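Trainee: would you be able to build a 3D model of this:
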Amino acid sequence: MSARARVVAAVVGAMVVAACSCSSSTPEAGSDLRPTLPTYSMDKPASQGDVCDDPTGDISNDDTTTNAGSLKEPAGIDLTRMEVAVDGDDLVVRATVVGALAGATNPIVTVFQGDPQVNTSLSWELRFSNRDGPWRSKLIKFPSGAGQRQTESEPRGAVVVRENQLEARISRNDLPVIATRQWLFGTTSGVSDDTRVFDDCIPGEKTSATTPGIATPDGSTPGSAPIAPTTTAIPPGKVGTPISGPDGAQLTVLTIDDPAKPNRKVEAEAIPNTRLASVELQLCARTKALEGINERRFTLRTSDGLGTAPWAADESTNDPRFSDLARLKVNECETGWITFQVADGVQIEGLIYDSSGIGTGPFLTVNR
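Mentor: Here you go, the predicted model:
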């Protein structure tokens, strides 16, 4: 974690000049969390977002020190990875922490764009919390002149939390322009300012690994990291035939329906210019137990050479849905459907399974 004293605001002074009365005794207000970002250069367009990896056990409860934090609890805000990127008409955000987010008190996940000290009109914050019940998003725009106050609104989009991961797909029509390469990510928890603890991650100060997921150094969009079968020496399999991986897994892709053929009522819809596809598969632990099993281990291989991650909506076209089991004992199997949202004009060529669970492979590829 970087020095929080630099991250938290000297912006407070700037906001006082702008006559913003924004303090509160609850972490939901969080106005004193506005960042002062370091200056650095990235080799990709600002519109493609960013990725930030963060070590574990570096939570802090002191924003005046220049030392990294040393707290490990609550594990539900111990940020390990944050990803944000543009995907068509949406901004997709994914945060991964060590423990279940539900285990933290009033957890908040924040995404900052821009630097309020440099240009408040081009800076804004997305804040995700469950303070009022279900997880929701809040857009905060900073005051840009004397006598003005920050504005808050709820942008359209789904926010899904599963154990230690938050994923949100927010309509870009409800967001300000992404005008800079500067991003800052963070998490915080606590019942008041006096009890708040936090973890943050500044891209450019961490070593980020490329994974099949939201944002990649080459500018790929969410769910579209280049993960061609050439990344592994394991020969590809085919639909209906089991294929074994080095992690002890045996994967059988049973069905690929494109478009999806729902067997249940689906409340959500695909965004314009996309379609839903569904894959039925069976994953078994054969030679050893499997840890961290969930939908995010799987990516569609598509004709454009990019991958497509599972549908971000908390929905599925088919039952039973492939569940987030976390662990499979030896000789245990899980069978279920995973739903994907695929761009129009792109063909599905197969399914990819990440045996590492952290995006580094080896990858099992099943061709359609």
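Trainee: what's the spacing between residue 250 and residue 353?
Mentor: Distance, residue 250 to residue 353, using C-beta to C-beta, to the nearest Å: 10 Å. In this view, the C-beta of every residue, glycine as well, is placed from N, C-alpha and C.
Trainee: show me whatever sits in contact with both of those two.
Mentor: Counting by C-beta atoms under 8 Å, 6 or more residues apart in numbering, the shared contacts of residue 250 and residue 353 are residue 283.
Trainee: counting neighbours, go ahead and name the busier of those two.
Mentor: It is residue 353, of residue 250 and residue 353, that has more neighbours when counted by other C-beta atoms under 10 Å, with 23 against 17.
Trainee: does that one really touch residue 249, like I thought?
Mentor: Yes. Between residue 353 and residue 249 there is a contact at 7.2 Å, judged by C-beta atoms under 8 Å.
Trainee: between the two, what contacts are shared?
Mentor: Counting by C-beta under 8 Å, 6+ apart, the residues touching both residue 353 and residue 249 are 283, 364.
Trainee: next, the distance between the ends of stretch 137-148.
Mentor: End-to-end distance of stretch 137-148: 23 Å, with C-alpha to C-alpha, to the nearest Å as the criterion.
Trainee: what's the model's confidence in that stretch, averaged?
Mentor: Mean pLDDT, computed over stretch 137-148, is 79.
Trainee: repeat for stretch 76-83
Mentor: Here the average pLDDT along stretch 76-83 is 93.
Trainee: then stretch 179-197?
Mentor: 78.
Trainee: residues of it that come out buried?
Mentor: Neighbour-count burial for stretch 179-197, counted by 16 or more other C-beta atoms under 10 Å, picks out 181, 182, 183, 184, 185, 186, 187, 188, 189, 190, 196, 197.
Trainee: now the stretch 101-250 of the chain, which segments are flagged as low pLDDT?
Mentor: 117-118, 144-147, 191-195, 205-233 (pLDDT under 70).
Trainee: could I get the full set of strands for it?
Mentor: 108-113, 124-129, 136-141, 151-153, 157-162, 165-171, 183-189, 197-201, 237-238, 243-244, 249-257 (DSSP state E, counting those that start in this stretch).
Trainee: tell me how far whichever helix or strand comes after the last one is from the chain's mean position?
Mentor: Following strand 249-257 in sequence order, the next helix or strand is strand 274-285 (DSSP states H and E). A distance of 20 Å separates the C-alpha centroid of strand 274-285 from that of its chain, computed with C-alpha atoms, centre = their mean, to the nearest Å.
Trainee: begin at 455 from now on, thanks
Mentor: Understood, numbering begins at 455; the last thing we discussed is strand 728-739.
Trainee: strands paired with strand 728-739, and their directions?
Mentor: On the basis of DSSP bridges, the sheet neighbours of strand 728-739 come out as strand 703-711 (antiparallel), strand 787-797 (antiparallel).
Trainee: between those, which one is nearest to residue 747?
Mentor: Across the strands paired with strand 728-739, residue 747 has its closest neighbour in strand 787-797 (6.9 Å, C-beta to C-beta).
Trainee: for the closest one, buried residues please.
Mentor: 788, 790, 791, 792, 793, 794, 795, 796, 797.
Trainee: for residue 716, which non-adjacent residue is closest in space?
Mentor: Nearest residue to residue 716, sequence neighbours excluded (C-beta to C-beta, 6 or more residues apart in numbering): residue 771, at 4.2 Å.
Trainee: and the helix or strand harbouring residue 820, what's buried?
Mentor: Per DSSP H and E: residue 820 is located in strand 817-821. Under the neighbour-count criterion of 16+ other C-beta under 10 Å, strand 817-821 has 817, 818, 819, 820 buried.
Trainee: same question, stretch 708-718
Mentor: Quick answer for stretch 708-718 (16+ other C-beta under 10 Å): 710, 711, 712, 714, 716.
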